[in-house]
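>>> Okay, structure incoming, though there's no sequence with it:
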């Protein structure tokens, strides 16, 4: 006797209605809690221009959010200190106004000490000149790390080939190089 299969339809029912549960505004899903009028829109427009192949000018500043509390809620300045060593400073309202950035319509709030926060993140700011230097330094460091990785890979491949393929036919070519295909001998037909 065949088993009877019962189909159960499962629906996710939101107790607060059928609105989206994603972070952000239901009408405009590009708006999130970290949206910053006067900066986020400039950043998005610049990214779109780059995607179209255009060469837009630089942004006036770079904004970085840094965690200021640990997961247990205790103050933790390690990330803030990291960005301060990179040349950033904790943003104040005057700093944002200097670059034409507004907090109106955003989830950011100004704390008693003048810092600007959203959730457990503090806003840090750096002018465009310093941000460009930091970006160039980061790109150079990544290129150096990539070159070093490739050098180590090449060295490991050559060591392996020397140990396991000691003849001229297999050689010591690394597997990252184009190894020439072996030659095929012609076969004579015999009568």
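All right, it came through fine. Computed from a predicted model, the values in this text were never measured in an experiment. Numbers count the residues shown, from 1 in each chain.

>>> these two touch, right, residue 69 and residue 77?
No. Using CB atoms under 8 Å, residue 69 is not in contact with residue 77; the gap is 9.5 Å. C-betas here are computed from N, CA, C, even on glycine.

>>> And the pLDDT at the nearest residue to residue 105 once chain neighbours are set aside?
Of all residues not flanking residue 105 in the chain, residue 37 sits nearest, at 5.5 Å (CB to CB, 6 or more residues apart in numbering). What the model reports for residue 37 is a pLDDT of 80.

>>> same check, this time on residue 136
For residue 136, the predicted pLDDT is 84.

>>> what about it, distance to residue 103?
For residue 136, the distance to residue 103 equals 30 Å [CB to CB, to the nearest Å].

>>> Looking at those two, which is more packed in?
residue 103 (18 against 10; other CB atoms under 10 Å).

>>> Surely the more buried one and residue 96 touch.
Yes. Between residue 103 and residue 96 there is a contact at 7.0 Å, judged by CB under 8 Å.

>>> Pull up the overlap in contacts between those two.
Here residue 103 and residue 96 share the contacting residues residue 116, scored by CB atoms under 8 Å, 6 or more residues apart in numbering.
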